[in-house]
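Student: pasted the sequence and its predicted model underneath.
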2 protein chains.
Amino acid sequence: MEPQLIQNIDKKLTNKLASIAEKAALESGKYALENIDSEIQIFSKEGKKNNLVTEIDRRNQKFIISMIKDHFPDHSIIGEEDKKNIKPQLHEIAWLIDPIDGTTNFVNRIPIFSVSIGVLFKGIPIAGAIWTPWMSEKNLILKASFGNGATINNKKNKIKNILSSKLSEGGIATLPSKIENYFKINKNKKEFIGEKRVLGSCAFEMMLIAKGISAYGILGPASSWDFAAGVIIIRESGGEIFSINNKNEWERFKGFHDNYQNNYETIEHIRNWKGIMAGGSKNIVNFTTNNFTPLKKSK
Amino acid sequence: MEPQLIQNIDKKLTNKLASIAEKAALESGKYALENIDSEIQIFSKEGKKNNLVTEIDRRNQKFIISMIKDHFPDHSIIGEEDKKNIKPQLHEIAWLIDPIDGTTNFVNRIPIFSVSIGVLFKGIPIAGAIWTPWMSEKNLILKASFGNGATINNKKNKIKNILSSKLSEGGIATLPSKIENYFKINKNKKEFIGEKRVLGSCAFEMMLIAKGISAYGILGPASSWDFAAGVIIIRESGGEIFSINNKNEWERFKGFHDNYQNNYETIEHIRNWKGIMAGGSKNIVNFTTNNFTPLKKSK
């Protein structure tokens, strides 16, 4: 059940939001892929090690923002590559942009990165699109909006409820690099937790879940803009997303703010949100509750 | 310094071995990639969970063996998908075949898998080829033979000695899923150990090292056929490969048998060999010695 807040939202509006997100993500992704072999200028963010940004991230963010503004000049826009001193507009619809998720892979020319554009209504994901490179099709574009379902390259997308059986037959799980820092893992192994992969792009991993390639994923720790589009895409594909609540328990993900207000404080809270989510088919909650007990650090 | 054993080996012979390996790996890789979206028949090996083999593995192994036999009917051939009851021919030159390394990725249609064909002389890698899928070029084929250098898609390949600086600028390291089971990791962090990736295909990871994309890798635990081609490719690219010796210390990798004999016992030893290696640029040994202390389990 979705919260009252978004039950009555206009489905035509969410569809339009998703379509703009789709166009902007696809164009940005193609641009990144075309330029992956060129000499890319790399900047280190705030002098932090392993927190890279490239001219491609910056170009994509600029392009995506201008596309949003063409259609929705009043909406809030939050991007990973925002300049810190500029305040966004206040609006109950907010766009969350990650112009390249997986920049370290991208600068190392590993084809595991993504463009992620999510749209929130009062802090809750209602529309979004993810682009990733992919083998045969070259470009994968996932789109979803509340009440309208999800598509991959324009085809309706559904996740099958195959978690347990799939895992025992060579299923793949994407997990955080240091998962033992965040969870006590069930050692009884009633259920096999799958072959671990660490890929370095949250939205790419959410694509793998939506496509039914990963049986499930424990995602993050990552930021709101890494998750927003994937949340709605996985849900509208018939899957589910959980996060860890204040009692340090798994719970269906509700939104990036418990007490949304249309003010700068809320925007800053959403911008600074960092967390871990679990995504997969509907039975993901039982599976994660059985096998991964949150430690204090996972909050 | 290479051991006396292979110092005087005929460079024309090793070149021919590598060329046959290259042709067989390229054709097999293309075949796998063309069939990745089809309905692939999957078999579970010896009823073990997560040890899959597909009709494509079997077809590739058959194809590679027949190609080797056309040119070198007397050589030993050891493949991951061998039937257990058939004894190979005895020869001091032995071919090690992994017809698909990363089968779990392959059956899940994740484009991280490889074909690996290595050639040993008395247990020591002297030639080999690795095929992997890749973005822009679609097919990557790496080839190397002792004394003749290495190529990627026919272009000479060299690894730069850039380990430490590269790591601090967003460098990637491929590591075993459960690295803390095998090593005590230096917590002083004098050197940053890089962004961890767990990809699920040893030969694919060795390609990333040879291409200079991974700064270094701790590889495995994996089998002789997963490593053989990558060892010679990384060395002939100017990099280095270390493994863990009987004293539980890092040491330059010498070969898959300490006391090679031309008999079935040796062949079986090489077939059953499992271990962990470290690969990267020449300074990999200092780096791994400083940062990863082998635990008992790593033997």
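Tutor: Yes, it's here.
Student: the residue nearest to A:W273 when sequence neighbours are not counted - how many residues pack around it?
Tutor: Nearest non-adjacent residue to A:W273, counting by C-beta to C-beta, 6 or more residues apart in numbering or on different chains: A:S224, 4.3 Å away. All C-beta atoms are positioned from the backbone trio N, CA, C, and that covers glycine. Neighbourhood size, A:S224 [other C-beta atoms under 10 Å in any protein chain shown]: 26.
Student: A:S224 against A:R271, yeah?
Tutor: Yes: here A:S224 reaches A:R271: they are 7.0 Å apart, a contact under C-beta atoms under 8 Å.
Student: the longest helix along chain A vs chain B: in contact?
Tutor: Longest helix of chain A, by residue count under DSSP state H: helix A:11-34. Yes: under the criterion of C-beta under 8 Å from any C-beta of the partner chain, chain B is reached by helix A:11-34 at A:L33.
Student: residues of that helix that come out buried?
Tutor: The neighbour-count check on helix A:11-34 (16 or more other C-beta atoms under 10 Å in any protein chain shown) flags A:13-15, A:17-18, A:20-30, A:32-33 as buried.
Student: now stretch A:261-280
Tutor: Judged by neighbour count using 16+ other C-beta under 10 Å, the buried positions of stretch A:261-280 are A:266-267, A:269-271, A:273, A:275-280.
Student: ok, stretch A:80-94 next?
Tutor: A:80-82, A:88, A:91, A:93-94.
Student: count of neighbours near A:P73?
Tutor: Close neighbours of A:P73, defined as other C-beta under 10 Å, add up to 9.
Student: how about A:I65?
Tutor: Neighbour tally, A:I65, other C-beta under 10 Å: 18.
Student: so the residue lying closest to it once chain neighbours are set aside: helix, strand or coil?
Tutor: Leaving aside its chain neighbours, A:I65 sits nearest to A:I77 (5.6 Å; criterion: C-beta to C-beta, 6+ apart). Secondary structure, DSSP: H, G, I helix; E, B strand; the rest coil: A:I77 is strand.
Student: same thing with A:I100?
Tutor: Per three-state DSSP, A:I100 ends up strand.
Student: excluding sequence neighbours, find me the nearest residue to it.
Tutor: If you skip the residues right next to it in sequence, A:I100 has A:D57 as its closest partner in space, 4.7 Å away by C-beta to C-beta, 6+ apart.
Student: and the strands in the stretch 151-299 of chain A, which stretches?
Tutor: Under the criterion DSSP state E, counting those that start in this stretch, the stretch 151-299 of chain A contains strands at A:155-156, A:172-174, A:183-185, A:195-197, A:214-223, A:240-244, A:250-252, A:274-280, A:292-294.
Student: do the last one and chain B meet at all?
Tutor: No: no part of strand A:292-294 sits close enough to chain B to count as contact by C-beta under 8 Å from any C-beta; the gap is at least 15.6 Å.
Student: which strands or helices does that strand pack on?
Tutor: Counting by 3 or more C-beta pairs under 8 Å, 6 or more residues apart in numbering or on different chains; DSSP states H and E, the packing neighbours recorded for strand A:292-294 are strand A:183-185.
Student: give the partner strands of the strand it packs on in its sheet and their orientations.
Tutor: Next to strand A:183-185 in the sheet, as set by DSSP bridges, lie strand A:292-294 (antiparallel).
Student: who touches the partner strand?
Tutor: Contact with strand A:292-294 is made by A:179, A:182-186, A:218, A:244, A:248-250, A:278, as judged by C-beta atoms under 8 Å, 6 or more residues apart in numbering or on different chains.
Student: one step back: could the strands of the stretch 151-299 of chain A be laid out in CSV, adding mean pLDDT?
Tutor: Converted to CSV, the strands of the stretch 151-299 of chain A look like this (pLDDT from 0 to 100):
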stretch, mean pLDDT
strand A:155-156, 97
strand A:172-174, 87
strand A:183-185, 89
strand A:195-197, 87
strand A:214-223, 91
strand A:240-244, 93
strand A:250-252, 92
strand A:274-280, 94
strand A:292-294, 92
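Student: now render the ones you listed as CSV, adding distance to A:F146.
Tutor: Listed next are these as CSV, based on distance: least, C-beta to C-beta, whole Å:
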stretch, distance to A:F146
strand A:155-156, 16
strand A:172-174, 25
strand A:183-185, 30
strand A:195-197, 30
strand A:214-223, 20
strand A:240-244, 13
strand A:250-252, 15
strand A:274-280, 17
strand A:292-294, 28
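Student: so the residue nearest to A:I65 sits right up against A:A94, yeah?
Tutor: Yes: counting by C-beta under 8 Å, A:A94 is a contact partner of A:I77 at 7.2 Å.
Student: so which residue is dead centre in chain A?
Tutor: In chain A, the centroid-proximal residue (C-alpha atoms, centre = their mean) is A:F227; its distance is 2.6 Å.
Student: before we move on, the earlier item: out of the buried residues of stretch A:80-94, list just those in strands.
Tutor: Among the buried residues of stretch A:80-94, the members falling in strands (DSSP state E) are A:93-94.
Student: ends of stretch A:233-249, what's the gap?
Tutor: 23 Å (C-alpha to C-alpha, to the nearest Å).
Student: likewise stretch A:101-119?
Tutor: Terminal residues of stretch A:101-119 lie 16 Å apart, using C-alpha to C-alpha.
Student: again with stretch A:80-97
Tutor: Taking C-alpha to C-alpha, the first and last residues of stretch A:80-97 lie 6 Å apart.
Student: contacts for it, please.
Tutor: A:17, A:21, A:53, A:57-58, A:61, A:64-65, A:68, A:72, A:74-79, A:98-99, A:116-123, A:223-225, A:228-229, A:260, A:262-264, A:267, A:270-271.
Student: report the buried members of the residues you listed.
Tutor: Looks like the contacts of stretch A:80-97 have A:17, A:21, A:53, A:57-58, A:61, A:64-65, A:68, A:72, A:75-79, A:98-99, A:116-123, A:223-225, A:228-229, A:260, A:267, A:270-271 buried, using 16+ other C-beta under 10 Å.
Student: just grab the bridge partners of the closest residue to chain B within the stretch 101-250 of chain A for me.
Tutor: The nearest approach of the stretch 101-250 of chain A to chain B comes at A:V198, 4.0 Å away (C-beta to the nearest C-beta). Beta-bridge pairing of A:V198 under DSSP bridges involves B:V198.
Student: and for it, the neighbour number?
Tutor: With neighbours defined by other C-beta under 10 Å, the count for A:V198 comes to 20.
Student: if I pick it, what's in contact with it?
Tutor: Each residue near A:V198 by C-beta under 8 Å, 6+ apart is listed here: A:174-177, B:177, B:196-198.
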